[in-house]
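Q: Sequence below, structure please.
(one chain, ligands or ions: 1)
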Amino acid sequence: MVAEFKFIVDNNVGKLAKWLRMMGYDAVLFDGSDDAYLVARALAEDRVILTRDTQLMKRGIITSGRLKAILISADEPEPQIRQVVETLHLDFRFRPFTLCLECNQPLLSRSKDEVKNRVPPYVFQTQSQYMECPACHRIYWRGTHWQAMTQKLKKLMES
Ligand SMILES: [Zn+2]
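A: Below you'll find the predicted structure:
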């Protein structure tokens with residue numbers, strides 16, 4: 001049983017949001033500047049904070065352990081995601097292909113007929129499994145982009 005973590009990603013490590021969504025972890029992006037709001041939302045929604053802000057880490061609510069936060073040490077997104085995965089023992093094969101990479105919304109299953117004329121013809125010919133984001137209406141398929149990201153994650157975790 002893998003723990004069901006949810007995240008709030010500070011804008012100084014914003015790229016982590018997409019990686020986490022790719023694995024199927026709910027990750028909202030915090031793009032404001034008000035730390036109090038970030039902390040309040042993390043508490044209200046039981047989210048782990050990911051940040052590079054050392055000041056934020058000094059808040060009592062975090063040092064006391066009431067709120068979980070990870071201070072990200074690396075500059076580059078790849079070691080950053082590795083730090084999160086290793087710290088929380090995340091499963092990078094958790095629930096791929098379930099969340100919109102842009103909106104963090106759960107994807108809905110779509111039949112081939114439903115996406116006809118909405119995906120490029122070569123995709124329609126070669127793919128049978130489709131998902132749609134209810135918010136931005138992007139159509140996803142297990143095609144090249146997803147495969148490339150999965151491969152990258154796999155390589156990252158094995159290195
Ligand atoms: Zn979307």
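Q: Could you list every helix and strand in contact with the helix or strand bottoming out on mean pLDDT in the chain?
A: Here the helix or strand of the chain ranked lowest by mean pLDDT, DSSP states H and E is helix 144-158, holding a mean of 79. Applying 3 or more C-beta pairs under 8 Å, 6 or more residues apart in numbering; DSSP states H and E, one finds that helix 144-158 contacts helix 16-23, helix 77-88. Using the backbone N, CA and C atoms, a C-beta is placed for each residue, glycine as well.
Q: Would you pull up how far that helix lies from the middle of the chain?
A: Centroid separation for helix 144-158 versus its chain: 14 Å, with C-alpha atoms, centre = their mean, to the nearest Å.
Q: Now do that helix and helix 77-88, the angle between them.
A: On the basis of axes from the mean of the first three to the mean of the last three C-alpha atoms, to 10 degrees, helix 144-158 is oriented at 60 degrees to helix 77-88.
Q: circling back: quick one, which of the helices and strands packed on helix 144-158 is packed in tightest?
A: Across the helices and strands packed on helix 144-158, the average number of neighbours (mean count of other C-beta atoms under 10 Å) peaks for helix 16-23, which reaches a mean of 24.
Q: Which strands or helices does that helix pack on?
A: Under the contact criterion of 3+ C-beta pairs under 8 Å, 6+ apart, helix 16-23 touches strand 7-10, strand 27-30, helix 77-88, helix 144-158.
Q: Let's see that with 7 Å instead.
A: With contacts taken as 3 or more C-beta pairs under 7 Å, 6 or more residues apart in numbering; DSSP states H and E, helix 16-23 sits against strand 7-10, strand 27-30, helix 77-88.
Q: JSON lines for the ones you listed, including mean pLDDT?
A: JSON lines is the format used below for those (pLDDT from 0 to 100):
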{"stretch": "strand 7-10", "mean pLDDT": "98"}
{"stretch": "strand 27-30", "mean pLDDT": "96"}
{"stretch": "helix 77-88", "mean pLDDT": "93"}
